[in-house]
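Participant: One predicted model, sequence on top.
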Amino acid sequence: MRCVICRQEFDFAAGQTAVVLRHVAYGFDFVHPGACEAAALSLIFPEPGFDCAAFAHDTARSRVLSVISGTPLDLQVVIEYRDESRGVERIVRDPEWASEPGAAEFPTLGRRLMELAA
């Protein structure tokens, strides 16, 4: 996974996390917290019918904490939700976006880790 702003890989093994952002016109993107997050949230999407902020925080997911398995186009990840619970979800990307850092989708809302432990 790469940051949509600086395009650097997230180093989950070193404790980095990826903030989940929703793009106004297509799927989800990920940024480093702090400067990259602020830069993304300040971007405008200047397209007819939009002309508004390009990114906003996802309403359900706060951040990706780690990658469990997968390939660059289909990952299984640990997500922290806005209510601070955690779950496992898939992040998928269309092959046409393979060279881009974002444009991801969450095909289904994952199961919370607390539910998995029960």
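Facilitator: That came in fine, so what should we check first?
Participant: hey, let's count contacts and neighbours off CA atoms from now on
Facilitator: Noted.
Participant: Now the phi/psi pair for Gly15, please.
Facilitator: Dihedral angles of Gly15 (phi, psi; degrees, to the nearest 10) stand at phi 100, psi 0.
Participant: how many neighbours does it have?
Facilitator: Counted by other C-alpha atoms under 10 Å, the residues lying close to Gly15 total 9.
Participant: Strands along this structure, start to end?
Facilitator: 18-23, 28-31, 44-45, 52-53, 55-57, 61-71, 74-81, 86-93, 104-105, 111-112 (DSSP state E).
Participant: helices and strands around the second one, which ones?
Facilitator: Taking 3 or more C-alpha pairs under 8 Å, 6 or more residues apart in numbering; DSSP states H and E as contact, the helices and strands that strand 28-31 lies on are strand 18-23, strand 104-105.
Participant: ranking those strands by mean pLDDT, which is last?
Facilitator: In terms of average pLDDT, strand 104-105 trails the rest of the helices and strands packed on strand 28-31, at a mean of 90.
Participant: for that strand, packing partners?
Facilitator: Secondary elements touching strand 104-105 (3+ C-alpha pairs under 8 Å, 6+ apart): strand 28-31, strand 86-93.
Participant: neighbouring contacts of it?
Facilitator: For strand 104-105, the external contacting residues (C-alpha atoms under 8 Å, 6 or more residues apart in numbering) are 27-29, 91-94.
Participant: Return the set of buried residues in stretch 16-34.
Facilitator: Neighbour-count burial for stretch 16-34, counted by 16 or more other C-alpha atoms under 10 Å, picks out 17-24, 28-32.
Participant: rewinding a little: to Gly102, which of the helices and strands packed on strand 104-105 lies closest?
Facilitator: strand 28-31 (4.5 Å; C-alpha to C-alpha).
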